[in-house]
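Peer 1: Sharing a model that was predicted from the sequence below.
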Amino acid sequence: MTNEKIPNSDTIAAIQEVQEMKEDPTKGKAYTDVEEMIKDLLHKNFIS
């Protein structure tokens, strides 16, 4: 018996999204600064 975990559909979709973004960087924003990324994430959460 193995203890392998099978990803759910949300995880599979997220992995596919990352793969698409790696193939075409224009599909998402890339960060080199973690603080900038967190500021953007917090800002988006307050606006939504």
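Peer 2: Received, thanks.
Peer 1: When you work out contacts or count neighbours from here on, use the C-alpha atoms and nothing else.
Peer 2: Will do.
Peer 1: could you point out where this protein is predicted with low confidence?
Peer 2: The chain contains residues with pLDDT under 70 at 1-2, 45, 47-48.
Peer 1: show me where it has helices.
Peer 2: 9-23, 34-47 (DSSP state H).
Peer 1: Send over the shortest one as CSV, restricted to the C-alpha atoms.
Peer 2: Going back to what we said before, that points to helix 34-47. The C-alpha coordinates for helix 34-47 follow below in CSV (Å, rounded to 0.1, in the frame of the first residue of the first chain):
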residue,chain,number,x,y,z
VAL,A,34,8.2,39.5,-2.0
GLU,A,35,7.1,42.7,-0.2
GLU,A,36,5.8,44.1,-3.5
MET,A,37,3.9,40.9,-4.1
ILE,A,38,2.3,41.0,-0.6
LYS,A,39,1.3,44.6,-1.0
ASP,A,40,-0.4,43.8,-4.3
LEU,A,41,-2.2,40.8,-2.8
LEU,A,42,-3.4,42.8,0.2
HIS,A,43,-4.5,45.7,-2.0
LYS,A,44,-6.5,43.3,-4.2
ASN,A,45,-8.2,41.8,-1.1
PHE,A,46,-9.3,45.1,0.2
ILE,A,47,-10.7,46.3,-3.2
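Peer 1: contacts for that helix?
Peer 2: Tyr31 (Cα atoms under 8 Å, 6 or more residues apart in numbering).
Peer 1: first vs last residue of stretch 20-27, how far apart are they?
Peer 2: 8 Å (Cα to Cα, to the nearest Å).
Peer 1: how far out from the middle of the chain is that stretch?
Peer 2: Relative to its chain's centre, stretch 20-27 lies at 12 Å (Cα atoms, centre = their mean, to the nearest Å).
Peer 1: repeat for stretch 28-46
Peer 2: Distance, stretch centre to chain centre, for stretch 28-46: 12 Å (Cα atoms, centre = their mean).
Peer 1: So which of the helices of the chain is the most surrounded?
Peer 2: helix 9-23 (a mean of 12; mean count of other Cα atoms under 10 Å).
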